[in-house]
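**Student:** Model the following, please.
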Amino acid sequence: MSEKRLSRKELARRNRKQNTKRKNLRSLMIVVVTAVLLYFTGLYGASLAYFGDFISSGMTIFQIGKGFPVEADFSDTLQSDKMGTGLAILSPDSFDVWSPTGKNVFKYTHTMQRPVMDTASKRAVLYDRGSTTLKVLNGHNVLFQQEMENSIIHAEISDSNRIAVTTRSASYNGEVTVFNYNMKQRFVWYCATGFPVGSTLSDSGKTLAVNTVQTVNGLLINNIYLIDVRDGKEMYSISSGSYPLKIQFISDSRLLIAYQNRIVLWDVANNTQLAAFEFGGSTLQSVAVSGRYIAVAYGGLSQQQASQLTLLSKEFEEKFTVTVPEKIRDLSLSSSRLYTLGAENLYEYDYSALLLNTVNTGALAKSLVDYKGTLLLTSTSVSKVEKTKSR
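**Tutor:** A predicted model of the protein is given here:
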């Protein structure tokens, strides 16, 4: 009798455990389905915005198109960039997202006069330069709309979904406002010396770099201010004398600064210059960063004048330098290849400096995009650049 009672007790315990699991699973499914419905109907708050990013990212992958090339009118494209699993393309009238198989999964028609976008791992920020309108989008929805008090100069979003918005100011030369992922204001940095022309965040969102300019005795002076986002306090400034064409965090502790005549690697934690690469009198044409490498193109102003192309490690160790027989418009690093878009041709190099392929692209070619490899954007199509096997 005792063994039978024990068996019944054990069976009852197991039944209760299975019923509890079923109830928990049903509750979880109800929460997920409700969240999905709220997301796609737009009836969700900031608390579901992050969840919506994951849904949007997954839906972008599973919406199947006919593949690349995509034939359409891209002649008025202003910007194109990777946005997580999607390809974001901005035109004067719309913000479009394309799936990895070439399906247009989202089209947002905007009314901005001077639209500019910046993309991150799952979101994009879209703003009207010179106006006060700012919007945050993912691959399927407009998540937030923000009206700034002063006109926007520049905005950038980090992979941690923090956003730095550089604006004019009523009391200072300018100001930079940093927002959280749910567009709650973290802090405002006020620029008292110089005029802020742009700002950039590290991918983690922990450090902010603000690029400022001022005129002293007829000379243009540049200062880059480094701010700790965690407490909003200014750490120090970098004074170079010349104006940087690009500043980009390549890690939380390394800042790449590209000037007209050189690029510089800066140690953010210790406020020291780690390395520099000079162009020898030539002018910067393009710079690209991916993985462990930095590619930089420099040369003259003429379309037909030969250019130099250099591949560096992230520590600025020179891997190779080659001559390209025309002005370089854009660079892309992907799949152990360095793709170089010139005035008329696309060149493909491996990381040993071997020229593997040259393709005539003509005057319709616009830019290269690092998205699931490298894409070539022209006025009439977006096509995948096929990797050539090494000889």
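**Student:** how about the spatially closest residue to residue 238 that is not a sequence neighbour, what does it touch?
**Tutor:** The shortest distance from residue 238 to any non-neighbouring residue, by Cβ to Cβ, 6 or more residues apart in numbering, is to residue 224 (4.3 Å). Quick note: C-beta positions are derived from backbone N, CA and C, even for glycine. Neighbour list for residue 224: 209-212, 237-238, 240, 244, 247, 255, 257 [criterion: Cβ atoms under 8 Å, 6 or more residues apart in numbering].
**Student:** Tell me what residue 224 is bridged to.
**Tutor:** residue 211, residue 238 (DSSP bridges).
**Student:** Report pLDDT for it.
**Tutor:** pLDDT recorded at residue 224 is 96.
**Student:** can you check residue 130 too?
**Tutor:** For residue 130, the predicted pLDDT is 93.
**Student:** what do you get for residue 377?
**Tutor:** So residue 377 comes in at 98 (pLDDT).
**Student:** Just confirm it is within a helix.
**Tutor:** No - assigned with DSSP: H, G, I helix; E, B strand; the rest coil, residue 377 falls outside any helix and is strand.
**Student:** Who are the contact partners of it?
**Tutor:** 74, 77, 80, 89, 365-369.
**Student:** Secondary structure, neighbour count and pLDDT added to these, as a markdown table?
**Tutor:** Formatted as a markdown table, the contacts of residue 377 follow (DSSP: H, G, I helix; E, B strand; the rest coil; neighbours: other Cβ atoms under 10 Å; pLDDT from 0 to 100):
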| residue | secondary structure | neighbour count | pLDDT |
| --- | --- | --- | --- |
| 74 | coil | 20 | 96 |
| 77 | coil | 18 | 97 |
| 80 | strand | 23 | 97 |
| 89 | strand | 25 | 98 |
| 365 | strand | 21 | 95 |
| 366 | strand | 19 | 95 |
| 367 | strand | 18 | 97 |
| 368 | strand | 24 | 98 |
| 369 | strand | 23 | 97 |
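**Student:** For those residues, work out which two are farthest apart.
**Tutor:** 89 and 365 (15.3 Å; Cβ to Cβ).
**Student:** any low-confidence regions in the stretch 251-391 of the chain?
**Tutor:** 391 (pLDDT under 70).
**Student:** what about the strands in it?
**Tutor:** Under the criterion DSSP state E, counting those that start in this stretch, the stretch 251-391 of the chain contains strands at 254-258, 262-267, 272-278, 283-290, 293-299, 307-313, 318-324, 328-334, 337-342, 345-350, 355-360, 365-370, 374-378, 381-384.
**Student:** Parallel or antiparallel, which strands does the first one pair with?
**Tutor:** When pairing is defined by DSSP bridges, strand 254-258 lines up against strand 246-251 (antiparallel), strand 262-267 (antiparallel).
**Student:** now what about that strand, what contacts it?
**Tutor:** 209, 224, 226, 238, 240, 244-250, 263-268, 274, 284, 287, 289, 294, 296, 314.
**Student:** For ChimeraX, write the selection for the buried entries among those.
**Tutor:** With 16 or more other Cβ atoms under 10 Å as the criterion, this ChimeraX line picks the buried residues out of the contacts of strand 254-258:
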select :209,224,226,238,240,244,246,247,248,249,250,263,264,265,266,268,284,287,289,294,296,314
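**Student:** Now do the strands in the stretch 1-150 of the chain.
**Tutor:** 70-71, 79-83, 86-90, 94-98, 104-109, 115-119, 124-128, 133-137, 142-147.
**Student:** and the ones you listed as JSON lines, adding distance to residue 175?
**Tutor:** Converted to JSON lines, the strands of the stretch 1-150 of the chain look like this (distance: least, Cβ to Cβ, whole Å):
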{"stretch": "strand 70-71", "distance to residue 175": "40"}
{"stretch": "strand 79-83", "distance to residue 175": "25"}
{"stretch": "strand 86-90", "distance to residue 175": "25"}
{"stretch": "strand 94-98", "distance to residue 175": "26"}
{"stretch": "strand 104-109", "distance to residue 175": "28"}
{"stretch": "strand 115-119", "distance to residue 175": "18"}
{"stretch": "strand 124-128", "distance to residue 175": "15"}
{"stretch": "strand 133-137", "distance to residue 175": "14"}
{"stretch": "strand 142-147", "distance to residue 175": "14"}
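**Student:** among those, which is the most enclosed?
**Tutor:** The highest mean neighbour count among the strands of the stretch 1-150 of the chain, using mean count of other Cβ atoms under 10 Å, belongs to strand 86-90: a mean of 26.
**Student:** Wait, residue 135 touches residue 145, no?
**Tutor:** Yes - the pair residue 135 / residue 145 is scored as a contact, 5.2 Å apart, by Cβ atoms under 8 Å.
**Student:** Kindly state the beta-bridge partners for the residue nearest to residue 112 when sequence neighbours are not counted.
**Tutor:** Using Cβ to Cβ, 6+ apart and skipping residues adjacent in sequence, the residue nearest residue 112 is residue 128, 3.9 Å away. Bridge pairing for residue 128 (DSSP bridges) gives the partners residue 115.
**Student:** picking that back up, to residue 171, which of the strands paired with strand 254-258 lies closest?
**Tutor:** strand 246-251 (25.7 Å).
**Student:** which other residues reach that closest one?
**Tutor:** Here strand 246-251 has contacts from 198, 200-203, 207, 209, 211, 224, 255-258, 268, 287, 289, 294, 314, using Cβ under 8 Å, 6+ apart.
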